[in-house]
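> Output the structure for:
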Amino acid sequence: MPNSRYLHITHGNRQNRGKRKTLQSQPASIGIHLLIAFFFMSLPWKSAFANMPFHNPIPGGIAVIYLADKSSTKPSVKFGNKEILVLKDNKKWVAVIGLSREILPGNYLINIELEDRSKVSQLFRVDPIPSSMPGRIIELPEALLDMKFEPVKLSHLLANDQTYPFSGPKAVVPVFKMQQIVSKGQYVPYGLIIKKGKNTELIDHSWITYITDTESVVASPGDGVVEHMGQLDDKAIYVVLHHGMGMRSIISNLKYTSLKVGDTIKSKAPLGITAGSVKGRVDWQLIINQNKVDPLQFSPSS
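As a prediction, this is how the structure comes out:
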């Protein structure tokens, strides 16, 4: 059931979800208050290899698929008509597939084009969302009912990476271990929002909304290149970071940033400050193969 009870968690391990408890924190980190007690399933930050993400094949998660192809040339992999991120790990090619929140559980095929231009398919499975995270349905607390939840819509970012002329490092392998973008506050997690008021609304919230102090510093979640910038209707700023190989973050609702298109930025480096006159608010969308996925599955603090 939706739950708006607050849970205090500091950066640390992912054990004992759902209990009101403070976990051991890492140096120089400040806890994040969550808006729901169940939060996300416990995903340990570990993998067979240092820079591989954790296999989490659920809606909003990622599938990490080791390919049968053993050729030395990197294969081209597509899921539907979308180009998939492919890495080499321990002499094996690995496809990393971002799964949208709307995808249904079941068996799916990826299409692989080999070195000799022949094509094969490989099966993988999308699992249901576990009962420990019931549908990622969040009942919005009364204090936040006036808040608007609208994503930055950049249609050109959803175009095929082969045709979109971005400035980012397409060949650079992204680092999947990412950081929280603010150091304190509250946040509304990735999922569906039930917004009760005069008219009950069900809102697709395929990103994270942080609520913190006004003019709080917003940090980069990972290494990247500033691919695009712009303003929202309320004059707040959004920044698109390309982390490499089509993996992007969209950070929106900034009051100020000194960055410009083409700038490189390191993980944890300042992006800007939050907009807002009473409370600061900033949103983080994470896109992999053009699907918006749950950013916190890559964060060591979640």
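> Give me the below-cutoff pLDDT ranges for the stretch 151-300 of the chain.
Across the stretch 151-300 of the chain, the stretches falling below the confidence threshold (pLDDT under 70) are 154-171, 277, 300.
> all strands for it, in order.
Under the criterion DSSP state E, counting those that start in this stretch, the stretch 151-300 of the chain carries strands at the ranges 186-188, 191-195, 201-205, 208-212, 217-219, 224-231, 237-244, 247-256, 264-265, 270-274, 280-288, 291-293.
> relative orientation of the longest one and strand 280-288 in degrees?
Spelled out, it's strand 247-256. Relative orientation of strand 247-256 with respect to strand 280-288: 160 degrees, computed using axes from the mean of the first three to the mean of the last three C-alpha atoms, to 10 degrees.
> now strand 247-256: how far from the chain's centre is it?
12 Å (C-alpha atoms, centre = their mean, to the nearest Å).
> What are the contacting residues of that strand?
Contact with strand 247-256 is made by 85, 151-152, 154, 157, 168, 174, 181, 207, 215, 218, 220-222, 224, 227, 232, 236-243, 271-276, 281-288, 295, as judged by C-beta atoms under 8 Å, 6 or more residues apart in numbering. Glycine gets a C-beta too; all of them are placed from N, C-alpha and C.
> do the same with the last one
Residues lying outside strand 291-293 but in contact with it, judged by C-beta under 8 Å, 6+ apart, are 60-62, 82, 98-101, 151, 206-207, 285-287.
> Format the residues you listed as TSV; extra columns: neighbour count.
Supplementary listing: these in TSV, determined by neighbours: other C-beta atoms under 10 Å:
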residue	neighbour count
Gly60	24
Gly61	26
Ile62	24
Lys82	17
Gly98	24
Leu99	23
Ser100	15
Arg101	20
Pro151	15
Ser206	22
Trp207	25
Gln285	22
Leu286	27
Ile287	23
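> from these, which is closest to Asn199?
Out of these, the one with the shortest distance to Asn199 is Pro151. That distance is 20.8 Å, counting by C-beta to C-beta.
> so the closest one touches Trp207, yeah?
Yes: contact between Pro151 and Trp207 holds when scored by C-beta atoms under 8 Å: they sit 6.0 Å apart.
> Now do the shared contacts for these two.
The overlap between the contact sets of Pro151 and Trp207 (C-beta under 8 Å, 6+ apart) consists of 250, 283, 285, 292.
> What is the nearest of those to Lys119?
Within the shared contacts of Pro151 and Trp207, the smallest distance to Lys119 is 28.3 Å, found for Lys292 (C-beta to C-beta).
> of the strands of the stretch 151-300 of the chain, which approaches Arg125 most closely?
Counting by C-beta to C-beta, Arg125 lies closest to strand 291-293 out of those; the figure is 16.8 Å.
> Neighbouring strands - and their directions - for the closest one?
Sheet pairing here is set by DSSP bridges, and for strand 291-293 it gives strand 280-288 (antiparallel).
> The partner strand versus strand 201-205: what angle between them?
Here strand 280-288 points in a direction 60 degrees away from that of strand 201-205 (the same axes, to 10 degrees).
> How far does strand 280-288 sit from its chain's centre?
What separates the centre of strand 280-288 from the centre of its chain is 8 Å, taken as C-alpha atoms, centre = their mean.
> May I have it exported as PDB, CA atoms only?
Taking C-alpha atoms only, strand 280-288 is exported to PDB below (Å, rounded to 0.1, in the frame of the first residue of the first chain):
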ATOM      1  CA  GLY A 280      14.700  24.300  -3.500                       C
ATOM      2  CA  ARG A 281      13.600  21.700  -6.000                       C
ATOM      3  CA  VAL A 282      15.600  19.800  -8.700                       C
ATOM      4  CA  ASP A 283      14.700  16.900 -10.900                       C
ATOM      5  CA  TRP A 284      16.900  14.100 -12.300                       C
ATOM      6  CA  GLN A 285      16.000  12.000 -15.300                       C
ATOM      7  CA  LEU A 286      18.300   9.200 -16.400                       C
ATOM      8  CA  ILE A 287      18.100   7.900 -20.000                       C
ATOM      9  CA  ILE A 288      19.600   4.700 -21.300                       C
END
